[in-house]
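S.K.: requesting a structural model of the entry that follows:
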Amino acid sequence: MIAAALAALALLASPVTAVDPAVPPEPPRAPALTWTACPDPQAPGIPYECATARVPLDYRHPADAALDLPLIRVKAADPARRIGPLVLQPGGPGNSGVDFVRGNYADLPAELRDRFDVLGFDARGVGRAAQVRCWDDTQYLQAVTRALGRPGADGLNRAVAEAEDFNAACLRNSADRVSHVGTGYVARDLDLIREAVGEEQLSFYGRSFGTFIGTVYADAHPKRVRAMALDGAYDPIAYAERPYSYDLPQFLALDRAVGRLLDWCGSSPDACAFGGGDPRGAFDRLVRSLDADPVPIPGKGTANGYTLVYRLMFNINGGRADWPDLAAALARAEARDPASFLLAPPSPGSFAFLTPNVVVECNDRVYPEGDFKLAAHLAAASRLAPLLGPTMAYGPPTYDHNHAPACTRWPAERASRHEGPYTAEGSAPLLVLGTTGDPDTPYRDAVALSGMLDNARLLTFRAEGHTAFGRSECARDAVVRYLADGVLPPEGTVCADEKPPASEAASARSAERATGGADGQAGTVGVDERVELIGVPGQVPR
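M.R.: Below you'll find the predicted structure:
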């Protein structure tokens, strides 16, 4: 296996052709697009069109190998008032932009559907766009089944060994593309798509990791941006150049969000049946008991403490409106009820997201060398974020928080990385949105990005949960007015219209989720087997 990995690495390190570095390659031509109808059986009345954009695999050698990116669009419903394309970019990395449009178009405000060609694409390495392959489903399933909610003394050694095995699998199974799926190249793809649809500029809404793609695009092509809303923003310099200083606040934001949920349980016993008056202690005891005695999940394997933390990590993103649902699911898990959606083991639908999530971030980010620094970082994250931190710090390569073991020893060339400076100097005004209690992209990142960009305005959503646009009428209206008319919200705008938790745990949505059982469908967002949604459907009127 080592010999195969070394051979793959040699392939990656070898140039495709000999190029004189003093002579830049001829810029690639925009792809020719052929749009055809691609209706959605779930929404037959929406006139979706699909196309394929052929782009260079390696922009250093654009005339050589290519890859195909799937595109989707819906033309402006009011052609007389059409502005141009509006690109919707999901979070991740790892979520499909095509599915993001399909899953959210019907819920977009009418003003956006009327005036924009709503456009999405699968970024390279993701979804249908030459997805990177590392572990197969069996290997991933074994890794997440072995993982523990409360790792023992060998947690670091096991995390490093699994990371090295994952990295070797990436070289073995994706040697032709693993170096070329970084965000610098995604931004270049997006500009070719802009050119291919015949537009001088584009408008853009990105959420979560989509804000990093938007930031890189605006930095590389500032004059091509008409308007750009960045919701749940990244601090791009900390993210790409100081990963440990970025990751630790993310551990803390996640842990504190879960802590606030548990504290609400303690203060609202009529609405939360979990914890018996000590929800923080009960949570730790539940994680440990599930590790010691996993719950069989019919047809899905078993659920242990890692499973619970993994599911809670993604489901905490919905904010206070979801707290009764989460409380009910925690109580079901405490009762060892396999119908709790928090006990649904990760599945191939998750693995298809998690693989590019690791690979793209290892391409985009440069971690400090040395296992001493790695050990210190993971120990600090576990100590300072005691609810979920140990699980993610020492787990197998999955999601943002635990990429360090893999990325510190990433074996592939970072050919597709963007080098900054992330100022987008000379761009049109950009709108940055940050949520104060965001568990996934800490609010401080939005503050940092809005100050870093040459021309930006910050909108604050005072709330729990991840991103703002789909969960706040105030934020939605500000984004729509900005995208459609170019009018930024006033300096210092704060939206404070988050929906509070229901007064009782047995809410309609809790009951709906409970009927989903442990199939991974009910009560899950983003990574978990279904389309990433902008907020909660039906929660914010259009």
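
S.K.: just the strands from the stretch 301-450 of the chain, written as ranges.
M.R.: In the stretch 301-450 of the chain, the strands defined using DSSP state E, counting those that start in this stretch lie at 301-303, 430-437.

S.K.: closest one to T34 among those strands?
M.R.: Among the strands of the stretch 301-450 of the chain, strand 430-437 comes nearest to T34, with 32.5 Å by Cβ to Cβ. The C-beta positions use only the backbone N, C-alpha and C, and glycine is treated the same way.

S.K.: quick one: that closest one to chain centroid distance?
M.R.: Relative to its parent chain, strand 430-437 has a centroid offset of 16 Å by Cα atoms, centre = their mean, to the nearest Å.

S.K.: then it to CSV, C-alphas only?
M.R.: Provided in CSV are the C-alpha atoms of strand 430-437 (Å, rounded to 0.1, in the frame of the first residue of the first chain):
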residue,chain,number,x,y,z
LEU,A,430,-20.4,43.3,-0.7
LEU,A,431,-22.8,42.2,2.1
VAL,A,432,-21.5,40.0,4.9
LEU,A,433,-24.0,38.3,7.3
GLY,A,434,-23.0,36.9,10.7
THR,A,435,-25.1,35.1,13.3
THR,A,436,-24.1,35.8,16.9
GLY,A,437,-24.7,32.2,18.1
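
S.K.: I figured C272 was touching W264, is that so?
M.R.: Yes - C272 lies in contact with W264 (Cβ atoms under 8 Å); the separation is 6.7 Å.

S.K.: hey, which of the strands of the stretch 301-450 of the chain is tucked in deepest?
M.R.: strand 430-437 (a mean of 25; mean count of other Cβ atoms under 10 Å).

S.K.: pLDDT of that strand, averaged?
M.R.: Per-residue pLDDT over strand 430-437 has a mean of 98.

S.K.: swap in stretch 322-334?
M.R.: Rounded mean pLDDT across stretch 322-334 is 96.

S.K.: in the chain, where's the longest helix?
M.R.: In the chain, with assignment by DSSP state H, the single longest helix is helix 243-267.

S.K.: how about it: buried residues?
M.R.: 243-244, 246-262, 264-266 (16 or more other Cβ atoms under 10 Å).

S.K.: and what of stretch 152-160?
M.R.: Using 16+ other Cβ under 10 Å as the test for burial, stretch 152-160 gives G155, L156, R158, A159, V160.

S.K.: contact partners of it?
M.R.: With contacts defined as Cβ atoms under 8 Å, 6 or more residues apart in numbering, stretch 152-160 is touched by 148, 151, 371, 374-375, 378, 390, 393-396, 402, 405, 409.

S.K.: repeat for stretch 364-381
M.R.: Residues contacting stretch 364-381 (Cβ under 8 Å, 6+ apart): 156, 159-160, 182-184, 212, 239-241, 243-244, 247-248, 251, 389, 392-394, 401, 403-405, 407-408, 410, 414, 417-418.

S.K.: can you say which of the residues you listed are buried?
M.R.: Counted by 16+ other Cβ under 10 Å, the contacts of stretch 364-381 give 156, 159-160, 182-184, 212, 239-240, 243-244, 247-248, 251, 389, 392-394, 401, 403-405, 407-408, 410, 417-418 as buried.

S.K.: quick revisit: from the contacts of stretch 152-160, pick the one nearest P501.
M.R.: For the contacts of stretch 152-160, the residue nearest P501 by Cβ to Cβ is P390; the value is 27.4 Å.

S.K.: quick one, strands of the stretch 1-150 of the chain?
M.R.: With DSSP E, counting those that start in this stretch as the criterion, the stretch 1-150 of the chain has strands at 36-37, 49-56, 66-74, 84-89, 116-121.

S.K.: hmm, which two among the buried residues of stretch 152-160 are most spread apart?
M.R.: G155 and V160 (9.7 Å).

S.K.: separation between A456 and D165?
M.R.: A456 is 42 Å from D165, where distance means Cβ to Cβ, to the nearest Å.

S.K.: of these two, which one has the most company?
M.R.: A456 (23 against 18; other Cβ atoms under 10 Å).

S.K.: the more buried one bridge partners, please.
M.R.: Judged by DSSP bridges, the bridge partners of A456 are L430.

S.K.: wait, it touches G434, no?
M.R.: No - with contact defined as Cβ under 8 Å, A456 does not count as touching G434 (11.5 Å).

S.K.: ok so, going back, which residues do C272 and W264 both contact?
M.R.: Taking Cβ under 8 Å, 6+ apart as the criterion, C272 and W264 both touch W323.

S.K.: please enumerate the helices of the stretch 301-450 of the chain.
M.R.: Using DSSP state H, counting those that start in this stretch, the helices of the stretch 301-450 of the chain run over 305-315, 323-334, 348-364, 371-384, 389-393, 404-407, 443-452.

S.K.: of all those, which lies closest to G277?
M.R.: Using Cβ to Cβ as the measure, helix 323-334 is the one of these that comes nearest G277, at 13.2 Å.

S.K.: where are the low-confidence patches of this structure?
M.R.: 1-24, 503-531, 535-542 (pLDDT under 70).

S.K.: and the residue nearest the centre of it?
M.R.: Centroid-nearest residue in the chain, with Cα atoms, centre = their mean: G92, separated by 2.1 Å.

S.K.: hmm, that residue is touching P356, no?
M.R.: Yes - between G92 and P356 there is a contact under Cβ under 8 Å: 7.2 Å.

S.K.: need the residues touching each of these two.
M.R.: Shared contacts of G92 and P356, counting by Cβ under 8 Å, 6+ apart, come down to V126.

S.K.: how close does A327 get to A282?
M.R.: Counting by Cβ to Cβ - A327 and A282 are separated by 11 Å.

S.K.: and these two? Which one has more around it.
M.R.: For A327 versus A282, neighbours defined as other Cβ under 10 Å are more numerous around A327 (24 against 19).

S.K.: report the contact partners of that one.
M.R.: Listed by Cβ under 8 Å, 6+ apart, the contact set of A327 reads L261, C265, A271, C272, A273, F274, A505.

S.K.: any quick ChimeraX command for the buried ones out of those residues?
M.R.: Applying 16+ other Cβ under 10 Å to those, the buried members can be selected in ChimeraX as follows:
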select :261,265,271,272,273,274,505
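
S.K.: in strands, which of the contacts of A327 appear?
M.R.: Using DSSP state E, no member of these falls in strands.

S.K.: same list (the contacts of A327) but as TSV, adding distance to R29.
M.R.: Shown next, in TSV, are the contacts of A327 (distance: Cβ to Cβ, whole Å):
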residue	distance to R29
L261	52
C265	58
A271	59
C272	59
A273	61
F274	58
A505	58
